[in-house]
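Asker: Sequence isn't available, so here's the structure alone:
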């Protein structure tokens with residue numbers, strides 16, 4: 001209690017001081033009376049007309065001034081912009097003003113007035129200032145200077161207070177809201193798919209195991225294998241790599257569904273484009289064929305980009321000015337152009353004829369790398385590309401096979417600076433073809449019988465895709481490393497917080 005200070009006209013009383021004079025109930029009433037004006041967020045204050053008393057609360061970004069006046073830049077996270085607090089030093093206790101340092105959390109009551117300085121239309125002429133929490137200037141790591149992204153990742157618990165990460169996290173929120181709004185407005189059902197699963201959707205085996213077994217004394221079967229029958233679920237289980245298979249079940253009953261949740265890949269990749277824990281948006285739609293799927297993917301991503309431009313203008317402008325001078329123009333170009341529709345075979349021919357020296361050689365049948373995808377998008381076409389009809393040998397078992405027996409109705413949406421941002425396909429609706437593909441790949445069929453049932457009982461054409469949320473945010477924010485668009489990145493050898 002003694003840490004809260006309220007000052008006016010060179011008087012400063014802590015709650016401890018008040019407790020000597022008043023009862024606890026009376027203290028509460030005193031503090032309540034001090035704060036009876038409802039707090040207004042900085043975002044709203046900056047849009048308000050001057051000429052009335054206000055209360056603002058937030059964290060100090062900077063303090064400057066002279067012996068007569070102090071200028072305090074206050075931010076509460078509601079906007080990239082600060083509101084300026086003007087405090088005449090003669091009206092406040094000197095010790096209290098010394099405690100108002102970068103990082104401190106304060107409450108200010110005063111008059112909202114027209115600003116005489118440049119950079120803001122209004123400012124607060126302070127009458128009373130209270131300190132909620134001090135920040136020692138000798139140890140607070142976010143002082144007024146440039147900080148590298150690497151350093152800020154090492155203090156991920158504090159980096160949201162910076163302009164950059166405040167902007168990124170507000171955009172992240174806006175995009176999450178826009179995703180739900182888009183699908184809700186189209187009549188999709190939000191389906192919660194399991195995070196703990198016994199199936200490997202992608203068949204790659206790069207999954208985090210979930211177990212309650214004692215790792216210092218793992219039970220074994222007579223043949224020396226791990227005895228998962230004694231585990232919590234009675235079988236081997238892992239964290240999900242995708243909610244797609246369960247999403248297909250939902251589409252076969254509800255028509256059109258989407259999932260939006262965390263997914264996990266135990267892939268030992270230390271690159272600017274990979275995370276071990278990330279979020280995925282995965283719609284699945286009954287009666288959609290590959291063209292319907294492509295149309296939805298293009299409309300969806302254009303909607304999200306437009307929503308960001310319309311609702312996150314200040315944050316995007318900041319990121320454009322500070323990190324990527326072409327960000328706004330690139331976002332606007334996505335909305336204004338039709339995406340190229342290109343088959344994998346056509347794409348390979350373009351790459352082979354390009355004369356480019358790629359790190360990974362190109363030939364029909366290889367899985368395209370980011371450098372190949374970006375060449376097509378950035379250099380050859382100059383616009384997003386939807387690539388279709390991939391070789392079946394490089395795609396997942398559930399993709400619908402084309403009549404040629406060599407390719408499948410897969411589709412990837414390729415974006416500038418990112419490469420693949422969406423991956424999807426028309427799903428194989430034939431039970432016989434799906435069974436044959438599972439056998440061909442040597443996959444364990446027992447754990448997929450529930451999935452095969454959707455082809456046994458009322459199978460229907462259906463399609464879907466997955467959008468990596470953090471990949472989307474890389475594009476919308478212009479950030480260059482995926483670790484900087486998620487609050488707490490999970491990467492190899494890094495699971496802090």
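Answerer: Nice, I can see it. Since the structure is predicted, the reported quantities are computational estimates derived from the model, not experimental observations.
Asker: Backbone dihedrals for the nearest residue to residue 292 once chain neighbours are set aside, please?
Answerer: Nearest non-adjacent residue to residue 292, counting by Cβ to Cβ, 6 or more residues apart in numbering: residue 463, 6.5 Å away. Any C-beta I mention is one placed from the backbone N, CA and C, and that applies to glycine too. With angles defined as degrees, to the nearest 10, residue 463 sits at phi -140, psi 170.
Asker: Quick check: residue 463 touching residue 295?
Answerer: No. Checked against Cβ atoms under 8 Å, the pair residue 463 and residue 295 is beyond contact range at 10.4 Å.
Asker: what about the host helix or strand of residue 455, average pLDDT?
Answerer: Take DSSP states H and E as the rule and residue 455 turns out to sit in helix 449-456. Mean pLDDT, computed over helix 449-456, is 94.
Asker: just checking, what packs against it?
Answerer: Helices and strands touching helix 449-456, by 3 or more Cβ pairs under 8 Å, 6 or more residues apart in numbering; DSSP states H and E, are helix 244-254, helix 431-440.
Asker: That one relative to helix 244-254, how many degrees between them?
Answerer: Angle of helix 449-456 versus helix 244-254, following axes from the mean of the first three to the mean of the last three Cα atoms, to 10 degrees, is 40 degrees.
Asker: Dihedrals phi and psi, residue 374?
Answerer: Main-chain torsions, residue 374, degrees, to the nearest 10: phi -70, psi -30.
Asker: For beta bridges, what are the partners of the residue nearest to it when sequence neighbours are not counted?
Answerer: Nearest non-adjacent residue to residue 374, counting by Cβ to Cβ, 6+ apart: residue 419, 5.5 Å away. On the basis of DSSP bridges, residue 419 is bridged to residue 415.
Asker: Next up, the contacts around residue 419.
Answerer: Shown in contact with residue 419 (Cβ atoms under 8 Å, 6 or more residues apart in numbering): 273, 369-370, 373-374, 377.
Asker: mind running it again at 10 Å?
Answerer: Contact analysis of residue 419 by Cβ atoms under 10 Å, 6 or more residues apart in numbering lists 273, 368-378, 412-413, 471.
Asker: Closest one of those residues to residue 429?
Answerer: residue 412 (20.9 Å; Cβ to Cβ).
Asker: quick one: secondary structure of the closest one?
Answerer: Under DSSP: H, G, I helix; E, B strand; the rest coil, the three-state class of residue 412 is strand.
Asker: confidence score at it?
Answerer: Residue 412 carries a pLDDT value of 97.
Asker: swap in residue 85?
Answerer: On pLDDT, residue 85 comes in at 97.
Asker: Roughly how far does it sit from residue 119?
Answerer: Distance from residue 85 to residue 119, counting by Cβ to Cβ, to the nearest Å: 14 Å.
Asker: Now do the shared contacts for the two.
Answerer: Listed as contacting both residue 85 and residue 119 by Cβ under 10 Å, 6+ apart are residue 73.
Asker: Neighbour count: these two, which is higher?
Answerer: Ranked by neighbour count (other Cβ atoms under 10 Å), residue 85 and residue 119 place residue 85 first, with 23 against 10.
Asker: and the next element down the chain from the helix or strand encompassing the more buried one?
Answerer: Using DSSP H and E, residue 85 maps to strand 83-88. Reading on from strand 83-88 to the C-terminus, the next helix or strand found by DSSP H and E is helix 94-99.
Asker: Run through the neighbouring helices and strands of that next one.
Answerer: Under the contact criterion of 3 or more Cβ pairs under 10 Å, 6 or more residues apart in numbering; DSSP states H and E, helix 94-99 touches strand 5-8, strand 11-14, strand 52-65, strand 122-133.
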